[in-house]
Every structure is written in structure tokens, then in C-alpha cells.
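[1] Structure for this input, please:
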Amino acid sequence: MSTLYTHSNSNKQKTWFLMSGFFVFIIIVGYVFSMAMDSVGILYFAVGFSVVSSFISYWWSDKIVLAMSDAKEVKFEDNKELYRIVENLCITAGLPTPKIYIINDTAPNAFATGRDPKHAVVAVTKGLLQKLNRNELEGVIAHELSHIGNRDILLATITTVLVGVVVLLADWFLRWSIFGHRGSNREKDGRITLIITVVAIALAILAPFFAYMMQFAISRKREFVADADGALLTRYPEGLARALEKISSDQEPLEVANRATAHLYISSPFKSPSFAKGKKNKKSFFKKAFMTHPPVEERIVALRSHNA
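    Coordinates of the predicted model:
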């Protein structure tokens, strides 16, 4: 029987399978480009740039995201109820209490960020505090704490950097192939060189497309894991299910959100009009492949299957 435990374990396995595939993909892209450009340094650069960029993002991404979201830190005396909810759930989860930020926006949503559990942040909007009851708010906070406990922030940072490396390499190679020299030291292997160059050009065009698909697939799997782990933390899956229903059906736009930060929120800040009309929002495979979050309907079904 499918339960929250099996959902969590299955999606964790799929996440690491996708991550392994992503790293292999980076190496293949770098190798093909280095062969086409007759320079092994391209491959070394791809790997080195990934490591350096990940390190920089790991240390400073939380400050950047909070500034972009116009989030302000709150202390215990500013919102005692919110602090007690976070502290109680942290005790249950065995996590240190993160810093708590509030975003001055009436659209309901929340996200977590920070390089590790000791330097984590949970940010919620004013709209979330106004529109959710205590059980629903606990479900959302538990979801975000699960992201922190599972180190999803680090995972999201790494995948974002890897996508950036692929896009950068593809752009450089296309510019080189159009404006750079087309010669090669391997004149006697002209046919092989031509084949490698054609493959590299095709890969340069398609690589960013597949890189984004991998990033979004990993992001969707981690949302399922955080839903399952968050519901297990509160022992009340219905609270999170109802919270997701309220957040997704609320049509007020989240003004501070943008494409760079959208994947961090518990639910996509970019709303679909079909929710307001109470219609089922059916999505094609292609559209789902480029979603940062799984369809809310699927998340709710997974949560409520625990009670079935």
C-alpha cells in the first residue's frame, strides 16, 4: 500500500538518480565541447567553475534571496505564536530553531533558505499568517523545516549552478563556432572532426533545454519529499493538504516573487486562473516538465492517501 513513507523514500531515490545523471551530463557536455574546440581545458573549466560557483552560492545565497524578497527578521516578542509553532516543530524534528522572517505581502506563501540547519531561515508572508489556521500553518512550517533537515537548500543551489554552467558553456561554444576559428590540428581526421563539431553544435542547442528539465525534475521530487516528511512531523497530513488548497486557490499575486526565487516557495507564486474558477488544471507532459513544483492536485492526493 502506498503511504507517505513510500512516497518519501521513492522520491529521495529518484532525486539522487537525477543528481547523478546531472553530473554525468555536465561531464559529457564539457568533454564534447573540449573535443570540438580541441582543448581539454574546457572540461577542466566546467568542473572547476561548478565547484567555485557552488561554494559562493552556498555561503551567500540566503542573504541574496532574503534581500530580493524584502523579508524582515522578527523576534519572539514580535510574533509569539509563530515562534512557538516553529520551536515546537524544531524540537520534534531535532533541528535548531531557524531565524524567522516575514514578507510584507498579503499573498499566502512561504520558503526556507540557508546553507545548513544551523544557519537556516524560514520566511512566511503576512498573507499566510492571516489566511491559514493553526493546523494549516503548522503543516506549512513543517514542510519548510523538512527542506532544511533534508539539506534541500544545498541541493537547489547545486542544481542552479550546474544549469548555469551548461548554459554558459553552450553559449560560449555557439559563439566560438560562429565567430571563432574553425580549424583543427587534426587535419587528417577531418571527417571525425566534422562529426564531433556537428554533435557539439546540436548539444549546445539542446543542452540548456535538458539541463532545465533536470533541475525542475529534481525540484519537484524534493517538494514531494518535503510534503511527506512535513506531514509525518505534524502527524496530521490534512493540515498541509488544506494549506496547499488555500495557497493554490488564492489568486492574489505574490509581488516579491520572480523566476529566480519561485522554486523556493511551498507553492508556485505564479497562479493559474483555473484555480479561481474551481476547474481542474490539467497540464500537458511538456508543461509539467518545466514546472518547479508538482501539480498541487497530485501533492494533495499523496498527502490524503495516508489516511485512506
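
[2] Check this structure for its longest helix and report it.
    With DSSP state H setting the assignment, residue counts place helix 190-234 as the longest helix in the chain.

[3] Averaged pLDDT, the following helix or strand past that one. What do you get?
    Note on helix 190-234: by DSSP states H and E, the next helix or strand toward the C-terminus is helix 237-249. With pLDDT averaged residue by residue, helix 237-249 scores 96.

[4] Compute the inter-axis angle for helix 237-249 and helix 190-234.
    Helix 237-249 and helix 190-234 are oriented at 120 degrees to each other (axes from the mean of the first three to the mean of the last three C-alpha atoms, to 10 degrees).

[5] In helix 237-249, which of the residues would be classed as buried?
    The neighbour-count check on helix 237-249 (16 or more other C-beta atoms under 10 Å) flags 237, 238, 239, 240, 241, 242, 243, 244, 245, 246, 247, 248 as buried. Quick note: C-beta positions are derived from backbone N, CA and C, even for glycine.

[6] same question, stretch 148-167
    Buried residues in stretch 148-167, counted by 16+ other C-beta under 10 Å: 148-150, 152-166.

[7] Please apply the same query to stretch 119-136.
    120, 121, 122, 123, 124, 125, 127, 128, 129, 131, 132, 136.

[8] Span of it from start to end?
    25 Å (C-alpha to C-alpha, to the nearest Å).

[9] Same question for stretch 122-137.
    Terminal residues of stretch 122-137 lie 12 Å apart, using C-alpha to C-alpha.

[10] Residue 167 is in contact with residue 205, isn't it?
    No - counting by C-beta atoms under 8 Å, residue 167 does not reach residue 205; the two are 11.7 Å apart.

[11] Surely residue 237 touches residue 299?
    No - counting by C-beta under 8 Å, residue 237 stays clear of residue 299, with 10.6 Å between them.

[12] Can you tell me which of the buried residues of stretch 119-136 is nearest residue 102?
    When the buried residues of stretch 119-136 are compared for distance to residue 102 (C-beta to C-beta), residue 124 wins out at 6.1 Å.

[13] next SSE after the helix or strand that closest one falls within?
    Per DSSP H and E, residue 124 falls inside strand 120-125. Moving toward the C-terminus from strand 120-125, the next helix or strand (DSSP H and E) is helix 126-131.

[14] Packing partners of that following helix?
    With contacts defined as 3 or more C-beta pairs under 8 Å, 6 or more residues apart in numbering; DSSP states H and E, helix 126-131 has these neighbours: strand 99-103, helix 134-149.

[15] could you check the angle helix 134-149 makes with the longest helix of the chain?
    Here the directions of helix 190-234 and helix 134-149 differ by 140 degrees (the same axes, to 10 degrees).

[16] Let me know which of the helices and strands packed on helix 126-131 is tucked in deepest.
    Greatest average neighbour count among those goes to helix 134-149 (a mean of 24), per mean count of other C-beta atoms under 10 Å.

[17] what is the rounded mean pLDDT of it?
    Helix 134-149 shows a mean pLDDT of 95.

[18] Tell me how far the next helix or strand after it lies from the chain's centre.
    Later in the chain than helix 134-149, the nearest helix or strand by DSSP H and E is helix 152-179. Helix 152-179 sits 16 Å away from the centroid of its parent chain (C-alpha atoms, centre = their mean, to the nearest Å).

[19] cool, stretch 206-218 as well?
    Distance, stretch centre to chain centre, for stretch 206-218: 12 Å (C-alpha atoms, centre = their mean).

[20] on that earlier part again, including distance to residue 172, could the helices and strands packed on helix 126-131 go into a markdown table?
    Listed next are the helices and strands packed on helix 126-131 as a markdown table, based on distance: least, C-beta to C-beta, whole Å:
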| stretch | distance to residue 172 |
| --- | --- |
| strand 99-103 | 37 |
| helix 134-149 | 33 |
